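Undergrad: model the structure of this input:
(one chain, ligands or ions: 1)
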Amino acid sequence: MFNLSGQIALVTGGSQGIGRAVALVLAELGADVAIMARTLEKCEAVAEEIRQAPGNAGRRAVAVRGDMANPEEIKAAVAKVAGELGPISILINNAAITRDGLMLRMKQADWDEVINTNLTGVFLATQAVLPMMTKARKGRIINLTSVVAQMGNAGQVNYISAKSGLIGFTKAVAREYASRNITVNAVAPGFIETPMTAVLNETARTAMLEQIPLKRPGSDLDVAYAVAFLASDEAGYVTGQVINVNGGMYM
Ligand SMILES: NC(=O)c1ccc[n+]([C@@H]2O[C@H](COP(=O)([O-])OP(=O)(O)OC[C@H]3O[C@@H](n4cnc5c(N)ncnc54)[C@H](OP(=O)(O)O)[C@@H]3O)[C@@H](O)[C@H]2O)c1
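TA: Sure, this is the predicted structure:
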């Protein structure tokens, strides 16, 4: 079950948090993995962790620098990965930022930065990778959205607009590429313990936890396992879906 040997995965934002856990799990299941983010040293650290992990003998892992808000850097990063590892067969669109603020006070720069990174960057990375998948007549694209795209949340209009956009994007591309045997799905995490949520104050944490029937925050691995399923051959009949990993926060 879930054997990813021979697959080549690109994980954007794979240097920490959920992306790191996804990179480690995909590698453990046999995939060669490329880790992309803006801070190259942190990507290199995860690539090294993969190469050194017991049971990962022979696994290839590479680090590549790229900013998801920069179209040229996305194209260059994808080309570099394909050059070093071969055609990408699994794309995990995970990198994202928050620039929270109440609607009336939000600067347009904060709106633009979040939309460019979290939505336009996904469009560009997917566009760069699709020709390889189309040629191979096989591919897996997994987009990280969020529970707040389904529920709303005060102070996150930019982030939620991007993450809701990703749900529509997922369904549109899933329909367009189903005939090429490329599946496109989204994973919607709830409240997960990562550097992104470590900045929340105690009041916000408590308010979040009160909404979770399973009464605990999720872990990066809780999300990574759902991503790994969608990346596997076993998920070949699943496309255009949003898989919720949220402890029951939204059902
Ligand atoms: N944590 C949660 O509770 C939660 C809940 C729902 C959804 N999610 C989603 O899950 C995904 C991962 O979240 P996380 O909590 O693991 O985030 P995180 O800890 O903040 O990590 C974000 C990753 O993305 C990279 N990144 C950020 N901006 C980038 C850019 N412009 N270009 C390239 N890489 C960039 C970061 O590295 P650099 O800064 O070095 O670039 C880092 O590797 C995101 O899509 C997030 O929206 C998370």
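Undergrad: going forward, measure contacts between C-alpha atoms and count neighbours the same way
TA: OK.
Undergrad: which bits of the stretch 51-200 of the chain sit near the ligand?
TA: Contact residues, the stretch 51-200 of the chain versus the ligand (Cα under 6 Å from any ligand atom): 66-69, 94-97, 117, 144-147, 189-197.
Undergrad: restricted to buried residues, select the residues you listed in ChimeraX.
TA: This is the ChimeraX syntax for the buried subset of these, where burial follows 16 or more other Cα atoms under 10 Å:
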select :66,67,68,69,94,95,96,117,144,145,146,147,189,190,191,192
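Undergrad: now go through the residues of the stretch 51-200 of the chain next to the ligand and say which are in helices.
TA: With helices defined by DSSP state H, the entries of these inside them are 147, 195, 196, 197.
Undergrad: so which pair among those residues is furthest apart in space?
TA: With Cα to Cα as the measure, no two of those lie farther apart than 147 and 195, at 17.4 Å.
Undergrad: what segments of this structure are helices?
TA: Taking DSSP H as the criterion, the chain carries its helices at 17-28, 40-52, 71-85, 108-115, 121-136, 147-151, 157-177, 195-198, 202-210, 220-231.
Undergrad: point out the most buried one among the ones you listed.
TA: Taking mean count of other Cα atoms under 10 Å as the contact definition, the stretch among the helices of the chain with the greatest mean neighbour count is helix 17-28, which reaches a mean of 25.
Undergrad: which other residues reach that one?
TA: Around helix 17-28, the neighbours that count as contacts under Cα atoms under 8 Å, 6 or more residues apart in numbering are 4, 9, 11-14, 32-35, 46, 50, 55-56, 59, 94-95, 193-196, 220-221, 223-225, 227-228.
Undergrad: what's near enough to touch the residue nearest the centre of the chain?
TA: When the chain is reduced to its mean C-alpha position, the nearest residue by Cα atoms, centre = their mean turns out to be residue 94, at 2.0 Å. By Cα under 8 Å, 6+ apart, the residues touching residue 94 are 11, 12, 13, 14, 18, 19, 143, 144.
Undergrad: again, but for residue 64
TA: Residues near residue 64 by Cα under 8 Å, 6+ apart: 34, 35, 36, 37, 40, 43, 44, 77, 80, 81.
Undergrad: tell me what it is bridged to.
TA: Beta-bridge pairing of residue 64, defined through DSSP bridges, involves residue 36.
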